[in-house]
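Asks: Quick one, structure for this:
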Amino acid sequence: MESLHSNNLTSGGGAGLSSQKYVDVEEVRDGVIVLKNGSLRAVLLVSSINFDLKATEEQDSIISQYQNFLNSLDFPMQIIVSSRKLNINPYIDYLKKKETQLTNELLSLQLAEYSNFIKNLADVSNIMSKFFYVVVPFYPIENSKSGIFDKLFGSTNSQMAISRRRELFDTYKNQLWQRVDHISAGLSGTGVKVTPLKTEELIELLYNSYNPSTHNNSIIKDIDKVELR
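Replies: Numbering: from 1, shown residues only. Okay, the predicted model is just below:
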């Protein structure tokens, strides 16, 4: 089981420690974000559809399905759209590798020119990519001063307390995942693909969110390769 404590979300030594109080995340474990107030969050990566290219009947069906989905909710959710500068470097590296494998001098030259064209286009155009997320919350107990586990069991690290905290977390996580399954099924009915982010992907998403200047864009998950939920 991997976990991430909030002081690992920031970089820069003393600056990271001083900014820790502004980070609401206590830890990330088992594909769940645990906030300092004890509430839990799951994050779903959702694909997009080109609504304008759909036939009128398809558009009406999508709208109807989405309305039914919203009406079925008895808990809140949050939709986040993240715009990031596209990192073209992996594709450029791929083209360079292919260039070295070509034996035809003309094809090699054409591939090199194409690679330079793509690189220059990305530099001057500032191409952005968009990622769509749905944040699913679960609130066992609201407490802004201490976490839910500390409130119920104190700071003791006895084997019994650790086992009880784990049991309590699993109970809340299962209830959160019931909401995740409900949202996944409802959104899939509109034709989009939905997949929950795992622990490593959540950590990457949080790190990129708190350190926007340290990256261009890294693909967390290829949504086109996931199965419909």
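Asks: Show me the strands in this protein, by range?
Replies: In the chain, the strands defined using DSSP state E lie at 25-29, 32-35, 40-46, 78-85, 128-138, 194-196.
Asks: of all those strands, which lies closest to residue 122?
Replies: strand 78-85 (8.9 Å; C-beta to C-beta). Glycine gets a C-beta too; all of them are placed from N, C-alpha and C.
Asks: in that closest one, what counts as buried?
Replies: By 16 or more other C-beta atoms under 10 Å, the buried positions in strand 78-85 come out as residue 84.
Asks: Residues touching it, excluding its own?
Replies: 126-135, 137, 208-209, 215-217 (C-beta atoms under 8 Å, 6 or more residues apart in numbering).
Asks: domains of the chain?
Replies: Taking automatic domain parsing as the reference, the chain has its domains at 6-86+130-225, 87-126.
Asks: Lowest average confidence across the ones you listed, which one?
Replies: Here the lowest mean pLDDT among the domains of the chain goes to domain 6-86+130-225, at a mean of 79.
Asks: Tell me how far that one lies from the chain's centre.
Replies: Averaging C-alpha positions (C-alpha atoms, centre = their mean, to the nearest Å) puts domain 6-86+130-225 7 Å from its chain's average.
Asks: Would you map the helices across the chain?
Replies: 14-19, 56-72, 89-101, 105-125, 148-153, 159-188, 199-210 (DSSP state H).
Asks: could you redo those as JSON lines and give each row distance to residue 37 and mean neighbour count?
Replies: What follows is those, written out as JSON lines (distance: least, C-beta to C-beta, whole Å; neighbours: other C-beta atoms under 10 Å):
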{"stretch": "helix 14-19", "distance to residue 37": "18", "mean neighbour count": "12"}
{"stretch": "helix 56-72", "distance to residue 37": "26", "mean neighbour count": "12"}
{"stretch": "helix 89-101", "distance to residue 37": "38", "mean neighbour count": "12"}
{"stretch": "helix 105-125", "distance to residue 37": "41", "mean neighbour count": "12"}
{"stretch": "helix 148-153", "distance to residue 37": "8", "mean neighbour count": "17"}
{"stretch": "helix 159-188", "distance to residue 37": "13", "mean neighbour count": "15"}
{"stretch": "helix 199-210", "distance to residue 37": "16", "mean neighbour count": "18"}
